[in-house]
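> Could you work out the structure for the sequence below:
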Amino acid sequence: MKNVALITGASSGIGKALAEIHAASGDLVIIARSEDELNALKNELEVEYNSTILVIVKDLTVENAPKEVFDHLKRKNIEVEYLINNAGFGGVGKFVNRKLEEDLAMIQLNVMALTSLTRLFLPEMLERNSGKILNISSIASLMPGPNQATYFATKAYVTSFSQAIAGEVADSKVSVTALLPGATKTNFGKVSGMDKTMLFNNPASVNEVAKEGYKAMMKGKLVKKTGIGLSQKIMLLLLPLIPKRILLSTVKKMQQ
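As a prediction, the model looks like this:
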């Protein structure tokens, strides 16, 4: 396999769109829990682009899963040039009313798995002085999120972590990019319940978000915001000026 991109959460949404983009120029390791959807994507991309696709069925909410993925690829002598940490999920509801195990699983996937995979693959990238990492964060990372407290917090970690690691590797040819999409037309909205909130009034195209993210990764950008409506753009510009309690009240209403 050559010019390999490893993509988590590749069975649908942004992850699937990113896989379709990369297959035109390289091979893929695609990871998710859904074996049928991954195999269907593998068959489609191998026929259309003549690329080699390795399917790994793995639940990354399990603590040791990232290391198992890394060890599996080492045994196969597969070198990952692009690490795309896309897998993640959210959930709407007051923190005190949500099931603790669901929020802990969210932290495990959105934060711990992403951190582990970055730590596992980054040394090899630095050793060969080549490689790119794309971490899928969210516009949600730029503010606190009443009624989605844990999700917003996990994405704040992803954005901060990505930029910090980018700073640490700045003297190399390795880059780390954080993609911050707004509401996007994926199953994510339905599963999390966000599709019923004001934030999903006009979601962005998944293909456009993926294209913007892939392009930003290839250019080695630190942060790329995409899929943001006019009202969100105005809000982001005003964030530093809005009193915290008013901001909290506004975000809370948008998610009811």
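
> And the closest residue to residue 228 other than its chain neighbours, how far from residue 84?
Sequence neighbours aside, residue 182 is the residue nearest to residue 228 in space, at 4.2 Å (criterion: CB to CB, 6 or more residues apart in numbering). Using the backbone N, CA and C atoms, a C-beta is placed for each residue, glycine as well. Computed as CB to CB, to the nearest Å, the residue 182 to residue 84 distance reads 19 Å.

> got it, and residue 12?
14 Å.

> who's more crowded, those two?
residue 84 (33 against 17; other CB atoms under 10 Å).

> Wait, a strand at the more buried one?
Yes - Residue 84: assigned to a strand according to DSSP: H, G, I helix; E, B strand; the rest coil.

> Enumerate every residue touching it.
5, 6, 7, 8, 15, 18, 133, 134, 136, 217 (CB atoms under 8 Å, 6 or more residues apart in numbering).

> now with 7 Å?
5, 6, 7, 18, 134 (CB atoms under 7 Å, 6 or more residues apart in numbering).

> So what's the residue count around residue 139?
Residue 139 has 22 neighbours, counted by other CB under 10 Å.

> My guess is it contacts residue 182. True?
Yes - counting by CB atoms under 7 Å, residue 139 does reach residue 182; the two are 4.8 Å apart.

> Mutual contacts of the two, please.
With CB under 7 Å, 6+ apart as the test, residue 139 and residue 182 both reach 228, 232.

> that older thread, just checking, which of the contacts of residue 84 belong to strands?
Counted as lying in strands by DSSP state E, out of these, are 5, 6, 7, 134.

> What's opposite the last one in the beta bridge?
According to DSSP bridges, the residues that bridge with residue 134 are residue 84, residue 177.

> Over to the third one?
Beta-bridge partners of residue 7, counted by DSSP bridges, are residue 30, residue 84.

> can you list the ones in strands among the contacts of residue 84 in TSV and add neighbour count, pLDDT and distance to residue 116?
Below are the ones in strands among the contacts of residue 84 laid out as TSV (neighbours: other CB atoms under 10 Å; pLDDT from 0 to 100; distance: CB to CB, whole Å):
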residue	neighbour count	pLDDT	distance to residue 116
5	26	98	18
6	24	98	13
7	26	98	16
134	25	98	16
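
> would TSV of the residues you listed with distance to residue 70 be doable?
TSV is the format used below for the ones in strands among the contacts of residue 84 (distance: CB to CB, whole Å):
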residue	distance to residue 70
5	15
6	10
7	15
134	18
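
> Looking at the residues you listed, which one is closest to residue 75?
Nearest to residue 75 out of the ones in strands among the contacts of residue 84 is residue 6 (CB to CB; 14.8 Å).

> can you tell me which residues contact the closest one?
Counted by CB under 7 Å, 6+ apart, residue 6 has contacts 29, 80, 83, 84.

> If you rank those residues by neighbours, which is first?
Busiest of those [other CB under 10 Å] is residue 84, holding 33 neighbours.

> what helix or strand is residue 166 on?
helix 149-168 (DSSP states H and E).
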